[in-house]
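Novice: What follows is a predicted protein model with its sequence.
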Amino acid sequence: MVCDRCGMIVRQQLEGLGFTVSHISLGQAGITPEPNHEQMQLIAASLKVPGFELIDKESDRTVEAIKNTIVELVHHSDLSALNTTFSALISGRLNRDYAYLSRLFSNAQDKTIERFIIEQKVEKIKELLGYGELNLNEIAYRMGYSSSAHLSGQFKSVTGLTPTEFKNHHSQTRKPIDQI
């Protein structure tokens, strides 16, 4: 889960199955009573209806935590204010070695963490371009790029368009964050 609405939907599904929900956070839910194997299957089926998936392996939870950390940083932080690298932030938040996290993510997602970060940044850039409030230099600064040329290069590598072409091309749509 990456948003409050997702948490609300998960809470409704779990309460609909008769569980008491004590908390819901990114990728986790505290429920009572402790579900048995059969109830876990019901929970999994119930979560599939609105498009969620039950994560029961530690490696899957770790990959989801990496994705949630990146989404939170890219979409809800001022990247220009970060005084460290994504790798250090991810490693610090998950208390794991970055090389391990990188291998785990790549094996599970068929893309690197770096590529996932770039894809998330591009979606945020699309959003900022759509608002029309900032020029490209301001967007580059806000998104933590060293220059608008660097931003443009990454943007074009992902979308096939320059930011200006994207802004002027009204048929382009943004991707939902959970489908990147």
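Specialist: Happy to help now that I have it.

Novice: what's the helix or strand for Ala29?
Specialist: Using DSSP states H and E, Ala29 maps to strand 28-32.

Novice: Pull the residues that contact that strand.
Specialist: Under the contact criterion C-beta atoms under 8 Å, 6 or more residues apart in numbering, strand 28-32 has outside partners 10-11, 14, 19-24, 61. Every C-beta, even on glycine, is put in place using the N, C-alpha and C of the backbone.

Novice: my read: Pro163 touches Asn137, true?
Specialist: No: contact criterion C-beta atoms under 8 Å: Pro163 and Asn137 do not qualify, at 11.0 Å.

Novice: Compare neighbour counts for these two and give me the winner.
Specialist: Using other C-beta atoms under 10 Å, the more surrounded residue of Pro163 and Asn137 is Pro163, with 21 against 12.

Novice: Please name the residues that touch that one.
Specialist: The neighbours of Pro163, taking C-beta under 8 Å, 6+ apart as the test, are 125, 129, 136, 139, 151-152, 155.

Novice: on that earlier part again, okay, and which of the contacts of strand 28-32 map to strands?
Specialist: The strands, defined by DSSP state E, take in 20-24 from the contacts of strand 28-32.

Novice: of those, closest to Ser80?
Specialist: Ile24 (31.0 Å; C-beta to C-beta).
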